[in-house]
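[1] only geometry, no sequence info:
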C-alpha cells in the first residue's frame, strides 16, 4: 500500500512535512507520494479535478488524503471512503465528488470519530495533521474502515457545471487553468469535429504541436476533458481567458 497527499498547503510552512511525520510515526516505511500541494488556496473544485485526473494510476489499496479545507474546525465532517480498491480521507466538502461519480453505486463512507486513531488536539485548525494523516496511516496498515467511525450516507456537494446539448452541439465551460495556461473545460474527451469559442471556429487536434500556431485549439487533455490551448504559449494570458467562459464542440 501507499499513501498520497493532495493539499493547498504549499511547502513553505512545514504543514506537509508534519503530515508525513505523523504518517511515518504510525506506519514507518510506507511510501508517501505527493500528488500536489499547489492547489489554489480554498479551491475545492480544483482539488477535486486534480484528484479525479490522477487517482486511477495508483495501485490497489492506495490511501488518498486530500485536504483543501476552508471549513476546517466547523461542522463539516471529517470522512473516509472506500471506492473500488482505493481509500479516500479528507473533509466532507465535495473534494471527492468527481471521483465518486466514476463509480457505480454509493461509496462505503464513515465519519471519523475514533479518538484513539487521532492525535490529541489543542486547536481545530489543522485536521490534516491531527485527523486525516492518522486515519490514512491506519488504513494503510490494514485497519478496517469501520474502525475509524460511524457509517453515513455520502451526498455530493460540489457545484460542477452541467453540460448542455443542443442538437449536435455540446456546450460546456472553462473550469480550470493548468500551469501552462491551458484552459480545461467540463467537456469529456470525445471524437468532436470542431469547436467554437467566442463565436469563432476552433480546430480540434490530437496533440499540442498539431495545433495551429498563434491560434486557439482544442485537444483531449490528461485531465480527461477537452482543453483550449495555444501551442507553446499560455492561452489564458494570450487571450485573457476567464473561468466560466462558454465552449462548444460539435459531435459531427
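    Thanks, I have the structure now. Please read all numbers here as calculations on a predicted model, not as lab measurements. Numbers count the residues shown, from 1 in each chain.
[2] Mind listing residues that contact the helix or strand of the chain with the lowest mean pLDDT?
    Using mean pLDDT, DSSP states H and E, the weakest-scoring helix or strand in the chain turns out to be strand 164-166, at a mean of 92. When contacts are defined by CB atoms under 8 Å, 6 or more residues apart in numbering, strand 164-166 is touched by residues 170-172. Placement of C-beta: from N, CA and C, glycine included.
[3] out of these, who has the most neighbours?
    Among these, residue 170 has the most neighbours (other CB atoms under 10 Å), with 22 neighbours.
[4] Got phi/psi on it?
    Note on residue 170: backbone dihedrals following degrees, to the nearest 10 are phi -110, psi 130.
[5] Wait, it touches residue 252, no?
    No. Using CB atoms under 8 Å, residue 170 is not in contact with residue 252, being 11.5 Å away.
[6] Count residues in the vicinity of residue 78, would you?
    Using other CB under 10 Å as the criterion, the residues surrounding residue 78 number 23.
[7] Report the spatially nearest residue to it, omitting neighbours in sequence.
    Using CB to CB, 6 or more residues apart in numbering and skipping the chain neighbours, the partner closest in space to residue 78 is residue 112 (4.4 Å).
[8] List the residues that contact the one you found.
    77-80, 89, 118, 131-132, 135, 148-149.
[9] if we go to 6 Å?
    Taking CB atoms under 6 Å, 6 or more residues apart in numbering, we find residue 112 in contact with 78, 80, 131, 135, 148-149.
[10] Kindly report the same for residue 245.
    Shown in contact with residue 245 (CB under 6 Å, 6+ apart): residue 174.
[11] So for it, what's the pLDDT?
    Residue 245 carries a pLDDT value of 97.
[12] where do the strands sit along the stretch 51-200 of the chain?
    If DSSP state E, counting those that start in this stretch is used as the criterion, the strands of the stretch 51-200 of the chain fall at 63-67, 78-83, 86-91, 108-112, 149-151, 164-166, 169-177, 183-188, 194-197, 200-204.
[13] Pick out the shakiest of those, pLDDT-wise.
    Of all the strands of the stretch 51-200 of the chain, the minimum mean pLDDT falls on strand 164-166 (a mean of 92).
[14] Can you give me the buried ones in that strand?
    Neighbour-count burial for strand 164-166, counted by 16 or more other CB atoms under 10 Å, picks out no residue.
[15] Kindly report the same for stretch 121-129.
    Under 16+ other CB under 10 Å, the buried positions of stretch 121-129 are 126-129.
[16] distance between the ends of it?
    End-to-end distance of stretch 121-129 (CA to CA, to the nearest Å): 10 Å.
[17] Contacts for that stretch next, please.
    Stretch 121-129 is contacted by residues 18-19, 22, 67, 72-73, 78, 130 when judged by CB under 6 Å, 6+ apart.
[18] So which of these sit within helices?
    Among those, the ones falling in helices (DSSP state H) are 18-19, 22.
[19] Show the buried residues in those.
    Among the ones in helices among the contacts of stretch 121-129, the ones that count as buried by 16+ other CB under 10 Å are 18-19, 22.
[20] of all those residues, which comes closest to residue 153?
    For those, the closest approach to residue 153 (CB to CB) belongs to residue 19, at 28.2 Å.
[21] Nearest to residue 7 among the contacts of strand 164-166?
    Residue 7 lies nearest to residue 172 out of the contacts of strand 164-166, by CB to CB, at 27.7 Å.
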